[in-house]
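Asks: Show me the folded form of this:
(4 chains)
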There are 2 protein chains.
Amino acid sequence: MAKSVANLGDVAAAAGVSKSTVSRVLNNKLNNGFSVSVDVRQRVIKIAEQLRYRPNLMARGLTNQRTRMVSVLGGAHALSDMGNIYQTAINSITNVLDNAPGGFDVTVDMSQHAPGTNELPAWKIDGAIILAKCTSQTIEEIKHSGAPYVVINGPADSSGSSVSPDDIGGTELAVQHLIQLGHTRIAYASAPLRHLAGHSSLRDRHDTYVKELNARGLETIKGHEEPFTSAVDYLKSAVITQRATSVITYGHMSALNIMQAAHSLGIAIPRELSLIAFCDEYAASVMSPGLTFIDLGSREMGLIAAEMLLEKIENPEQAQSRNVKIQEKLVFRDTTARPCR
Amino acid sequence: MAKSVANLGDVAAAAGVSKSTVSRVLNNKLNNGFSVSVDVRQRVIKIAEQLRYRPNLMARGLTNQRTRMVSVLGGAHALSDMGNIYQTAINSITNVLDNAPGGFDVTVDMSQHAPGTNELPAWKIDGAIILAKCTSQTIEEIKHSGAPYVVINGPADSSGSSVSPDDIGGTELAVQHLIQLGHTRIAYASAPLRHLAGHSSLRDRHDTYVKELNARGLETIKGHEEPFTSAVDYLKSAVITQRATSVITYGHMSALNIMQAAHSLGIAIPRELSLIAFCDEYAASVMSPGLTFIDLGSREMGLIAAEMLLEKIENPEQAQSRNVKIQEKLVFRDTTARPCR
DNA sequence: TCACTAGGTCCTGTCAAAAGG
DNA sequence: CCCTTTTGACAGGACCTAGTG
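Replies: Next up, the predicted model:
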């Protein structure tokens, strides 16, 4: 009673030709000196449509060993932070892969895998994109399966490519911007986000802050060493006690907390405090007032990651692994200004 | 040179038994009077591990017509809003399905499908969960494929189940809460979100606001009819001109905008203005001050949706479609208080 | 009854080969 | 023997029915 879906044989029978002919017509295979009469071609196509024929991709994948399926790993933790950069990246990844010749199905794996277990889908995939990180076991599995992979905003070993934002350059831009505006008391507020533990961005942004200030003979503002727990307490210490006139903060969520805290302490932004954060265009666009931010280039990251992956899928032998750094850009808007003191 | 993955035959050869034996051992099939010696069983399992054998699911799916794969559709638009309820729902969906006997792979389809095209993955799936909405063509495809489906926060026709929050009840709770606190001038601020066009929540929340106020002989505050474009202008009209002492707003993003606007207009929350929004626990938890909100129960929605889907997958004949309404709950925190005038 | 296996089945893609002119 | 059009047989990997010693 279950609806039986039409298969190649059904179409062949209905069209009065062999299965091979149907297969070749529908797949447009013109290689081995193959040709069909216009007559047969049209009949086959028409009947396939009538019967709503869709090839059974399990059988297809069984023979040609390709599934045209690309998996995005690490979705569960990467998407847990509100509106973070990975959403934008995923959008551009799907754009590229959807529109690639032949097309790929992009699926995001959302399972929260217990540590030590395998993150790969049970399906054979043609390629993988990893958001920030995955377990070393997963990397092993991917390598063993032979599928190429690209890591976005995280490290890859020699067998895989990576695309990351240049956090060092971005932090330099932020410091330069504030100094050009006339600030000399510049604070750094780190992120309290749990799932970021150990991510290079934490270290890179912080260390560059310290290095840049030291290089210019400026004093760092205490509290930069570790994540703040209360934005109000942080501002009391950094702005009121230590007289910072500007804060560079890890991300848009911490920026939001700092803005709220500044309001409640009666500190005007940007008149009394300049604020700058790392995030992407989308996150910044939904905040008001317009945040001055270091654009991580998430759209570009997704684009490049997808293109590199595509190259490796199409050309497994030839394409080689690369580690690309995306330049971060300063977007000057309403939360930074000359200091008033 | 390409690493060839071990298959059933390889394991069988290495263990010195037949493929059937390996298959049955690994699948624990004890039905048809099948049995194995402890000896063979252990040897097979050990060798399978050594060779890192993983069944080729294409071949498996070919025979038993099940893929143990569940697809979440509508991810692209559902996840575009920062930190919205679907992320939480997806998390509980994956929890349930991962831990189901046998386990399911949950993948979220992220492609932004051109209107009129098919949203289904090319793969046969065992079931689908739809976030808010999908094209009617997709529904047709799912039905034709015979896979069961459940819609979260959206309408389903007779062949599918649905789980939605009770927006009418939730709005009643919000109005009641404000009235109990002593408010009589209650405003409603709708959402400017594009991808929500036509969603029942827009109508339900708005209409219930009007109905509840009318029923109590209270005047509605102008501006409720359509989404605001500028939160500052909205508050000027609703709070300053029309002297509203409280605002019910569509979601956490509009709440955020209103909080920012209130700050910049010098309106203290909750002393001069009470604010209440519809969202889930997670969104509310990252905002400060603690937002009073109507909890949409996204975790529960995901849970129930996954369980209903599971039931239909395991019991295609017996399980019947249901439309479940989740009760919304008021969470009283720091943005609502007695009016001061 | 126990312990195990051969071989057919699912459906598509491919290749060598054959039919028709 | 040519070319064009079409085909049958088989591979691919796991599962299951029927069957063996």
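Asks: excluding its backbone neighbours, what's nearest residue A:89?
Replies: Once flanking residues are discounted, residue A:89 sits nearest to residue A:302: 3.6 Å by C-beta to C-beta, 6 or more residues apart in numbering or on different chains. C-beta here means a position set from N, CA and C on the backbone, and glycine is covered the same way.
Asks: what sits against the one you found?
Replies: A:88-93, A:96, A:152 (C-beta atoms under 8 Å, 6 or more residues apart in numbering or on different chains).
Asks: same check, this time on residue A:324
Replies: A:161-164, A:304, A:308.
Asks: again with residue A:69
Replies: Per C-beta under 8 Å, 6+ apart, neighbours of residue A:69: A:104-105, A:107, A:123-126, B:121, B:123.
Asks: switch the cut-off to 10 Å
Replies: When contacts are counted by C-beta atoms under 10 Å, 6 or more residues apart in numbering or on different chains, residue A:69 touches A:57, A:61, A:97, A:104-107, A:121, A:123-128, A:147, B:107, B:121-123.
Asks: So which of the contacts of residue A:324 wins on neighbours?
Replies: residue A:163 (27 neighbours; other C-beta atoms under 10 Å in any protein chain shown).
Asks: The helix or strand where that one lies pairs with which strands, parallel or anti?
Replies: Assigning secondary structure by DSSP states H and E places residue A:163 in strand A:161-165. Strand pairing for strand A:161-165, determined by DSSP bridges: strand A:149-152 (parallel), strand A:323-326 (parallel).
Asks: Residue A:103 and residue B:121 touch, don't they?
Replies: No: Residue A:103 lies out of contact with residue B:121 (C-beta atoms under 10 Å); the separation is 11.3 Å.
Asks: higher neighbour count, these two?
Replies: Higher neighbour count among residue A:103 and residue B:121: residue B:121, with 19 against 12, using other C-beta under 10 Å.
Asks: measure that one to DNA strand D for me?
Replies: 20 Å (C-beta to the nearest atom of the strand, to the nearest Å).
Asks: which residues does that residue contact?
Replies: Contacts of residue B:121 (C-beta under 10 Å, 6+ apart): A:57, A:69, A:105-107, B:69, B:71, B:73, B:107, B:109, B:111, B:128.
Asks: if I look at it, how far off is residue A:98?
Replies: Distance, residue B:121 to residue A:98, using C-beta to C-beta, to the nearest Å: 12 Å.
Asks: Overlap of the contact sets of those two?
Replies: Both residue B:121 and residue A:98 are contacted by A:105-106, B:111, under the criterion C-beta under 10 Å, 6+ apart.
Asks: Just among the residues you listed, which is most surrounded?
Replies: residue A:106 (26 neighbours).
Asks: Residue A:334 is in contact with residue A:271, isn't it?
Replies: No: in this structure, residue A:334 is not within contact of residue A:271 by C-beta under 10 Å, at 11.0 Å.
Asks: Neighbour count for the two, which is higher?
Replies: A side-by-side neighbour count of residue A:334 and residue A:271, using other C-beta under 10 Å, places residue A:334 first with 14 against 11.
Asks: gap between that one and chain B?
Replies: From residue A:334 across to chain B, the span is 11 Å (C-beta to the nearest C-beta, to the nearest Å).
Asks: That residue: what's it in contact with?
Replies: For residue A:334, the contact set (C-beta under 10 Å, 6+ apart) comprises A:269-270, A:275, A:287-292.
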